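1. got a sequence here, can you model it:
(one chain, ligands or ions: 1)
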Amino acid sequence: MKAAVYYENGPPGVLKYEDVPDPTCAPNGIVIKVEAVSIEGGDTLNRQGGALMSKPHIVGYQAAGEVVQVGAEVRDFRVGDKAVTTGFNGSHAELRAVAARTAWKIPKGCDVKLAAVVPVPFGTAHDCLFEFGHLKAGETVLVQAGASGVGVAAIQLAKRAGARVLATASSDERLERLKPLGLDAGINYKTHNVPQEVMKLTDNKGVNLVVDSVGGSTLQGSILSLGYRGRVSMVGAAGREPMRVDVGPLMSGNRTLSGVFLGAEIATDRVHNMIQSLVNEVAEGKLKVLIDKTFPLSDAAGAHAYIESRKAVGRVLLIP
Ligand SMILES: NC(=O)c1ccc[n+]([C@@H]2O[C@H](COP(=O)([O-])OP(=O)(O)OC[C@H]3O[C@@H](n4cnc5c(N)ncnc54)[C@H](OP(=O)(O)O)[C@@H]3O)[C@@H](O)[C@H]2O)c1
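-> Next up is the predicted model:
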């Protein structure tokens, strides 16, 4: 098969398009013929500095397509089903093998490209808001990097749960594109100080919950944006900065900083079922996905470079 691979970490230009051996199907696994690769925020970070499982290494968490092989122990998939899959690597390829537990059926009639975008960002946003963020109707949420994959999901899920939703982004144009998803007020962090704007927007009360997938100095701003008993779901390092923050302001306001890692529980019944519901809701049009642009798999380098140019709102896909 063809795949986008690299032999060493580095900028997007390390990605090459090459022939590699086909993956094998485990007894508890499936193999899909990939129709759409969703480039996750973690894929660009892994390309830059993550571990290489093999040389060449195929990066990538998430891809969707048609099931072409089913392991002997697997009962819930058949050849010909459409499925969206996750794994720690291997998405940037024509064929992709995963454990069936980290694959979800795509309902008939649903565009595979839409479902390709769901499990990691929507599952992560759901856990940040509800399982670990304990969001309740009537509360105010700040979504850092609202135009990110996780951000687009968090804004919608928070809004429909009855929260007031604030979000940050690096430009007014990016914030504008989030309004149809349920954004109540946007903060351009290039031109405004985020905690100060949050205090203005909340009558100096601060927010109840922050979803922070950026980390570093942004995480400091998240802590400073919290109200009394406020919570931060800290879920990523998109800012590519060291995670050095002053946690002092947490104590005085009975505030909480929680780490969230979807991968730790993705194979549990709780998360598996939650993600299947989210895939179904996207298929039914109850949740929106934003697909900013598609690239051919052969131009994975161009797609990664485009994402790192900070122009994408929502997801960039690769099509084999
Ligand atoms: N812990 C978990 O379970 C889990 C699950 C999913 C994702 N994550 C992590 O969450 C983070 C976001 O993932 P994602 O898929 O939502 O990412 P994404 O769609 O690629 O978006 C990342 C966003 O971060 C913002 N950003 C701020 N500083 C940046 C920088 N220096 N370089 C690039 N972007 C920067 C950009 O928006 P602006 O330009 O508007 O600032 C960009 O849109 C990643 O670190 C990922 O690994 C963690």
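
2. end-to-end on stretch 85-98?
-> Taking CA to CA, to the nearest Å, the span from the opening residue of stretch 85-98 to its closing residue is 7 Å.

3. is it in proximity to the ligand?
-> No. Under the criterion of CB under 6 Å from any ligand atom, the ligand is not reached by stretch 85-98; the shortest gap measures 10.1 Å. In short, each C-beta sits where N, CA and C put it, glycine included.

4. any idea how far Phe30 is from Ser54?
-> Residue 30: Ile, not Phe. Applying CB to CB, to the nearest Å, one obtains 21 Å for the distance of Ile30 from Ser54.

5. would you mind listing what in the stretch 101-250 of the chain touches the ligand?
-> Proximity of the stretch 101-250 of the chain to the ligand is confined to 120-121, 124, 145, 147-150, 169-170, 174, 213-214, 235-240 under the rule CB under 6 Å from any ligand atom.

6. if you count contacts, what does the helix or strand hosting Leu142 end up packed against?
-> Remark: Leu142 resides in strand 140-143, with elements defined by DSSP states H and E. Contact partners of strand 140-143 among helices and strands, from 3 or more CB pairs under 8 Å, 6 or more residues apart in numbering; DSSP states H and E: helix 149-160, strand 164-169, strand 207-212.

7. what's the local residue count around Ser252?
-> One way to gauge burial is a neighbour count; for Ser252, by other CB atoms under 10 Å, it gives 8.

8. distance of it relative to Leu95?
-> Applying CB to CB, one obtains 54 Å for the distance of Ser252 from Leu95.

9. list the contacts for Ala169?
-> If a contact means CB atoms under 8 Å, 6 or more residues apart in numbering, then Ala169 has Ala145, Gly146, Ala147, Gly151, Leu175, Leu178, Gly186, Ile187, Asn188, Tyr189 as its contacts.

10. identify the bridge partners of it.
-> Asn188 (DSSP bridges).

11. who's the closest spatial neighbour of Val14, skipping the chain neighbours?
-> Counting by CB to CB, 6 or more residues apart in numbering, Tyr6 is the residue found nearest to Val14 once chain neighbours are left out, at 4.3 Å.

12. what residues sit buried inside stretch 275-295?
-> Residues of stretch 275-295 classed as buried by neighbour count (16 or more other CB atoms under 10 Å): 275-276, 278-283, 287-292, 295.

13. correction: stretch 30-37
-> Across stretch 30-37, burial judged by 16+ other CB under 10 Å covers Ile30, Val31, Ile32, Val34, Glu35, Ala36, Val37.

14. relative to the ligand, how far out is the fourth one?
-> Yep, that's Val34 we're talking about. Going from Val34 to the ligand by CB to the nearest ligand atom, to the nearest Å gives 18 Å.

15. the stretch 201-320 of the chain: helices as residue ranges?
-> 217-224, 248-252, 269-283, 300-308 (DSSP state H, counting those that start in this stretch).

16. please name whichever of these is nearest to Gly13.
-> Of all those, helix 300-308 sits nearest to Gly13, with 5.7 Å by CB to CB.

17. what residues does that closest one touch?
-> Residues beyond helix 300-308 that count as contacts (CB under 8 Å, 6+ apart) turn out to be 4, 11-17, 39, 43-44, 47, 92, 293, 295, 312, 316, 318.

18. for the nearest residue to Thr24 once chain neighbours are set aside, what are its contacts?
-> Counting by CB to CB, 6+ apart, Thr24 lies nearest to Ala97, which is 6.4 Å off, once chain neighbours are set aside. Each residue near Ala97 by CB under 8 Å, 6+ apart is listed here: Pro23, Thr24, Cys25, Ala26, Gly29, Ile30, Val31, Gln69, Gly90.
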